[in-house]
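Asks: sequence first, then the predicted structure, then my questions.
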Amino acid sequence: MSSSSPANHQPPSRTSSPPPPQLPLHKIPGDYGLPFFGPIKDRFDYFYNQGRDKFFQTRMQKYNSTVFRTNMPPGPFISSNPNVVVLLDAVTFSVLFDTSRVEKRNVLDGTYMPSTSFTGGHRVCAYLDPSEPKHTILKRFFLSSLAARHDKFIPLFRTTLSDLFIAVEDGVSEKGEADFNALNDKMSFAFVVSLFSDQNENISGTKIGDEGPKLVTKWLFCQLAPLMTLGLSMVPNFLEDLLLHTFPMPFSFVKSDYRKLYEVFYTTATAVLDEAERVGIGRAEACHNLVFLAGFNAYGGMKAWFPALIKWVGGAGEELHRQLCDEIRAVVKSEGGVTFSALNKMGLTKSVVYEALRIDPPVPFQYGKAKEDMVVRSHDAAYEIKKGEMIFGYQPFATKDPRVFDNPEEFVGHRFVGEGEKLLKYVYWSNGREIDDPTVENKQCPAKDLVVLLSRVMLVEFFLRYDTFTVEVGTLLLGSSVTIKSLTKASYT
Ligand code: HEM
């Protein structure tokens, strides 16, 4: 097709909206290079020569387009086809949420899928397309299991947080700093196990004791290694590339760890598994799904997300901390405690959580395969994508789209207060718009509201206890490293 013929672009969602304006139809710029060598070159640019953000930034500038073709890691020999069409703006990105137009089968990790040995031989919910009947059964089951535990969310999380804060305070007073990531891993694992356990078992009382986070982290690493770089200066790039990105990690590395995790859930979550059997899911399959949900989706998400939240709030400084203290303490006092209704009344706290999710989405990649020939539109142009092509959205660019957000690179705590709420439709962290709900027909995180709730509770607990705090930040395999350097205890109520 010519690069200037007009196209009637498709609306990003199926809701009724005014007829779309005519946009010029552009050929998607970019190419995949020579077979084998092109993907390897892109992989080296992505991990070593440029780094993730620069990889996308330079190509976006070169092609003067937020939509272009490139290869995504890992490529040879792990993924059979690394060719993707990249989407980097807030408008085109939403096609990835439209499951009538994109297929979400086996695309959770992108252009490759780890062996099902990591999940007991089952394709677990997150790898299923909504058109597969099993997705409906499993997702409905998760949505109802979470709803049934609604009353546990706040008290359970406050209890696990209280242990975390004691440890943070000990670290700061004894060693002058506290490793927030390590304490957050422990807290997140304890929360997830207790949430699904029959009697709120304390994880230390189970067979794996305090080893849980380490076991899950190893298991996660083996599945996600093809997407990671260790950033170790003493290991030559080609060697790391060979070890992490060229062949899949065998499940045998973590077989015994996985067995232990499986047993913890098999023995502590019997009521959840009984319920699964009642709705027609085999007990073993339900338990493998539960381990994945708890270990990959929930623990993996919390491991990346809470340090990011604390990083951004910590870095925002004393003025924002004082405003949060004022709001949180006043509302908790007037509402008589930390309740759903109290949390709902905290406009600034809510906005701060959304702003951190916007600026630093914890799961930055989304993939989907075109189910049909289609046209997607950006702000300025329309692009034709062919059936079967892999579409990839890099979310940190889409949620920092300067055509949607003012000062997109800046953390603006008040961004979503009042009228600002209208922009929530461009916050995509949950694999869907913040104004939409997870259903069996879509791939939006079933814990979307839970994650937002827990994030608010974390800030509330922080600013009930402390007036302000400072952090030192760095990078880790999965997100940011955060060290708490100082805490000022609450001086007023
Ligand atoms: C901060 C924590 C979390 C983050 C950042 C997060 C993020 C996400 C994202 C981005 C997806 C979509 C993945 C994709 O298909 O591209 C997803 C899916 C999913 N999440 Fe979450 N999540 C979190 C916590 C949780 C928790 C606590 C649970 C359950 C207790 C959960 C259960 C799931 C499940 C089952 C799916 C698959 C949904 C489907 O297949 O339709 N997540 N999550």
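Replies: Received, thanks. Every value quoted in this text rests on a predicted model; they were computed, and no experiment measured them.

Asks: just how off-centre is the helix or strand where D42 lies within its chain?
Replies: According to DSSP states H and E, D42 maps onto helix 37-44. Distance of helix 37-44 from the chain centroid (CA atoms, centre = their mean, to the nearest Å) equals 26 Å.

Asks: that helix packs against which elements?
Replies: strand 67-71 (3 or more CB pairs under 8 Å, 6 or more residues apart in numbering; DSSP states H and E). In this view, the C-beta of every residue, glycine as well, is placed from N, C-alpha and C.

Asks: picking that back up, alpha carbons only: can I get whichever helix or strand comes after the helix holding D42 in CSV?
Replies: On the C-terminal side of helix 37-44, the nearest following helix or strand under DSSP H and E is helix 52-63. Output in CSV follows, covering the C-alpha atoms of helix 52-63 (Å, rounded to 0.1, in the frame of the first residue of the first chain):
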residue,chain,number,x,y,z
ARG,A,52,16.6,-1.1,26.8
ASP,A,53,15.3,2.5,26.7
LYS,A,54,17.9,3.7,24.2
PHE,A,55,17.2,0.8,22.0
PHE,A,56,13.6,2.0,21.5
GLN,A,57,14.4,5.7,21.7
THR,A,58,17.0,5.6,18.9
ARG,A,59,14.8,3.6,16.6
MET,A,60,11.8,5.9,17.3
GLN,A,61,13.9,8.9,16.3
LYS,A,62,15.5,7.2,13.3
TYR,A,63,12.1,6.3,11.8
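
Asks: other SSEs contacting helix 52-63?
Replies: Secondary-structure packing of helix 52-63 (3+ CB pairs under 8 Å, 6+ apart): strand 67-71, helix 395-398.

Asks: mean neighbour count added to these, as TSV?
Replies: As requested, these are exported to TSV (neighbours: other CB atoms under 10 Å):
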stretch	mean neighbour count
strand 67-71	22
helix 395-398	21
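
Asks: flag every buried residue along the helix holding D42.
Replies: Neighbour counts over helix 37-44 (16 or more other CB atoms under 10 Å) mark G38, P39, I40, D42, R43, F44 as buried.

Asks: and the ligand, is stretch 64-80 touching that?
Replies: No: Stretch 64-80 stays clear of the ligand (CB under 6 Å from any ligand atom), getting no nearer than 14.0 Å.

Asks: that stretch: end-to-end distance?
Replies: 29 Å (CA to CA, to the nearest Å).

Asks: and the residue of the stretch 51-200 of the chain closest to the ligand?
Replies: In the stretch 51-200 of the chain, the residue found nearest to the ligand is A126; the distance is 4.0 Å by CB to the nearest ligand atom.

Asks: show me the strands in the stretch 251-400 of the chain, by range?
Replies: 365-370, 374-377, 382-385, 390-394 (DSSP state E, counting those that start in this stretch).

Asks: quick one: closest of those strands to the ligand.
Replies: Nearest to the ligand, of all these, is strand 365-370, at 5.0 Å by CB to the nearest ligand atom.

Asks: could you give the angle of that closest one to helix 52-63?
Replies: 50 degrees (axes from the mean of the first three to the mean of the last three CA atoms, to 10 degrees).

Asks: partner strands of strand 365-370, parallel or antiparallel?
Replies: strand 102-103 (antiparallel), strand 390-394 (antiparallel) (DSSP bridges).

Asks: can you list the residues of the stretch 251-400 of the chain near the ligand?
Replies: Neighbours of the ligand within the stretch 251-400 of the chain, by CB under 6 Å from any ligand atom: L293, N297, A298, G301, M302, W305, P362, V363, Q366.

Asks: leaving out the residues flanking it, which one is nearest to the fourth one?
Replies: I take that to be G301. Closest residue to G301 apart from its sequence neighbours, by CB to CB, 6 or more residues apart in numbering: P362 at 5.8 Å.

Asks: the strands paired with strand 365-370: which one's closest to V192?
Replies: Among the strands paired with strand 365-370, the nearest to V192 by CB to CB is strand 390-394 (27.1 Å).

Asks: how many other residues sit next to D53?
Replies: By other CB atoms under 10 Å, the residues close to D53 number 12.

Asks: now it, nearest residue through space, not along the chain?
Replies: D53 sits nearest to P396 (CB to CB, 6+ apart), 7.3 Å away.

Asks: what does L23 give?
Replies: Spatial nearest neighbour of L23, excluding adjacent residues (CB to CB, 6+ apart): A382 at 4.4 Å.

Asks: from V375, how far out is the one you found?
Replies: 5 Å (CB to CB, to the nearest Å).

Asks: who's more crowded, those two?
Replies: For A382 versus V375, the count of surrounding residues by other CB under 10 Å is larger for A382: 22 against 17.

Asks: beta-bridge partners for the more buried one, please?
Replies: With DSSP bridges as the rule, A382 is bridged to L25, R377.

Asks: how close does it sit to R415?
Replies: 29 Å.

Asks: also S341?
Replies: Here the criterion is CB to CB. By it, S341 lies 24 Å from R415.

Asks: what residues does the stretch 101-250 of the chain put near the ligand?
Replies: Close to the ligand, as judged by CB under 6 Å from any ligand atom, the stretch 101-250 of the chain has residues L108, C125, A126, K139, F142.

Asks: mind putting those in TSV, pLDDT included?
Replies: Output for these, formatted as TSV (pLDDT from 0 to 100):
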residue	pLDDT
L108	98
C125	98
A126	98
K139	98
F142	98
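
Asks: from those residues, which is closest to F93?
Replies: Once CB to CB is applied, the member of those that ends up nearest F93 is L108, at 17.2 Å.

Asks: spatially nearest residue to that closest one (excluding sequence neighbours)?
Replies: Spatial nearest neighbour of L108, chain neighbours left out: A126 (4.9 Å); criterion: CB to CB, 6+ apart.

Asks: isn't that neighbour right up against G295?
Replies: No: the pair A126 / G295 is not scored as a contact, 11.4 Å apart, by CB atoms under 8 Å.

Asks: the more surrounded of the two?
Replies: G295 (26 against 22).

Asks: OK, contacts around the more buried one?
Replies: Counting by CB atoms under 8 Å, 6 or more residues apart in numbering, G295 makes contact with V192, V216, W219, L220, L261.

Asks: let me know the secondary structure of the second one.
Replies: Remark: V216 carries the secondary structure label helix [criterion: DSSP: H, G, I helix; E, B strand; the rest coil].

Asks: now do the first one
Replies: Counting by three-state DSSP, the backbone at V192 sits in helix.

Asks: residues near it, how many?
Replies: For V192, the neighbour count with other CB under 10 Å is 24.

Asks: what does D406 give?
Replies: Look at D406: counted by other CB under 10 Å, it has 9 neighbours.

Asks: now it, nearest residue through space, not along the chain?
Replies: The nearest residue in space to D406 (CB to CB, 6+ apart) is V412, at 8.0 Å.

Asks: what's the helix or strand for that neighbour?
Replies: Going by DSSP H and E, V412 is not in any helix or strand.

Asks: in the stretch 201-350 of the chain, where is pLDDT below threshold?
Replies: The model of the stretch 201-350 of the chain has pLDDT under 70 over residues 201-205.
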